[in-house]
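my questions are about this predicted structure, shown below with the sequence.
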Amino acid sequence: MDNIYDVIIIGSGPAGHTAAVYTSRAELKTLVFEGWQPGGQLTITTEVENFPGFSKGIYGQQLMTEMKAQAERFGTKYISKDITKVDFSSRPFKVYTGDEEYQSKAVIIATGAKPRRLGLPSEDRLWAKGVSACATCDGFFFKDKVVAVLGGGDSAMEEAGFLTKFATKVYLIHRREEFRSSKIMEERVKANEKIEILTNKAVDEVLGENNVTGLRLKDTKTDETSEITVDGMFLAIGHIPATDLFRDQIELDKVGFILHKENTMTSIPGVFAAGDVVDHRYRQAITAAGMGCAAAIDVERWLAE
């Protein structure tokens, strides 16, 4: 049957694309489902400066486009659909996009992670109406406006810096005193005159009816509240692994990250995992790509055995 593959890869970030390059070069019939965010999180970042081989940096979207083209060159087939169900109870494994069934001898899960939200009703109500988790996607719409970025890591620092290209002012809001970001990123933000840093503050409410008009903040030490006027709020408070599809199929940790049992293999022999769906420590493009390579080699050896 045409829909039986040697390996199906679920996800198309650095881990998925790299795995596809390796499996296809090994002459394994490979199918990649691009998933909810084709290209992964790198498609919503700006310039990538720390991926080896690009001395002048490269934009995330361009890097993912190049990776995909490389995999396609060796015969990888891509489908731009979301997987709606999987069945790892027997081999060949089955994955579904609606009513369409695809089978494979092995599977590599590389679904990555999704932006973490605050969980406020006002946040949900104003999502895409001033609330966003992607500065690269939506920053242009806030030209000559005031915005806020929530978070204390490198992603928050990068988002804040990027938004100064459009906004007249950017608030960087962090619920703690100390940042988790690298010192160089923190120094860049502190040196940017367009950025005002607010520490020990948490968003208590997103203000506005049809669009964001401001934020109500609560001091994490005194519980005192205050309000600031902004036109947009960008979340950069971490990610949660995209593993809902696999909760009843393979073993996960308490947060939801996939657990490796042997090398890159999961609790189900023949099902492997790579990238941010596994990695809660490093979360870098290069480590995801390296894990994708490892998973592909593990698949090749497992199928041969």
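Here it is on my side, so go on. Numbering: from 1, shown residues only.

ok, residues contacting the helix ranked longest in the chain?
Assignment by DSSP state H gives helix 285-304 as the longest helix of the chain. Residues outside helix 285-304 that contact it (C-beta atoms under 8 Å, 6 or more residues apart in numbering) are 6-7, 13-23, 26, 28, 40, 42, 48, 50-52, 60, 63, 105-106, 108, 110, 263-265, 269-270, 272-276, 278-279. Quick note: C-beta positions are derived from backbone N, CA and C, even for glycine.

run the last query once more with 7 Å
With C-beta atoms under 7 Å, 6 or more residues apart in numbering as the test, helix 285-304 has contacts from 6-7, 13-16, 18-19, 22-23, 26, 28, 42, 48, 51-52, 105-106, 108, 110, 263-265, 270, 272-276, 278-279.

same question for stretch 199-216.
118, 120, 122-123, 126, 129-131, 148, 150, 173-177, 217-221, 225, 227-233.

need the nearest residue in space to Val278, chain neighbours excluded.
Counting by C-beta to C-beta, 6 or more residues apart in numbering, Val278 lies nearest to Ile258, which is 5.0 Å off, once chain neighbours are set aside.

which residues touch the one you found?
Ile258 sits next to 109, 243, 246, 250, 252, 266, 273, 277-278 when contact means C-beta under 7 Å, 6+ apart.

out of those, who's nearest Tyr78?
Proximity of the contacts of Ile258 to Tyr78 (C-beta to C-beta) peaks at Ile109, which lies at 16.4 Å.

orientation of the helix or strand containing Met67 relative to helix 285-304 in degrees?
Assigned by DSSP states H and E, Met67 belongs to helix 60-73. Taking axes from the mean of the first three to the mean of the last three C-alpha atoms, to 10 degrees, helix 60-73 and helix 285-304 form an angle of 20 degrees between their directions.

so for helix 60-73, what gets flagged as buried?
Of the residues in helix 60-73, 60-61, 63-64, 67-68, 70-72 count as buried by neighbour count, 16 or more other C-beta atoms under 10 Å.

in three-state terms, label the closest residue to Lys85 other than its chain neighbours for me.
In this structure, Lys85 finds its nearest non-sequential neighbour in Tyr96, 4.3 Å apart by C-beta to C-beta, 6+ apart. Following DSSP: H, G, I helix; E, B strand; the rest coil, we place Tyr96 in the strand state.

also the one 5 residues further on?
Classification of Glu101 using three-state DSSP returns strand.

and what of Glu177?
Secondary structure state of Glu177, per three-state DSSP, is coil.
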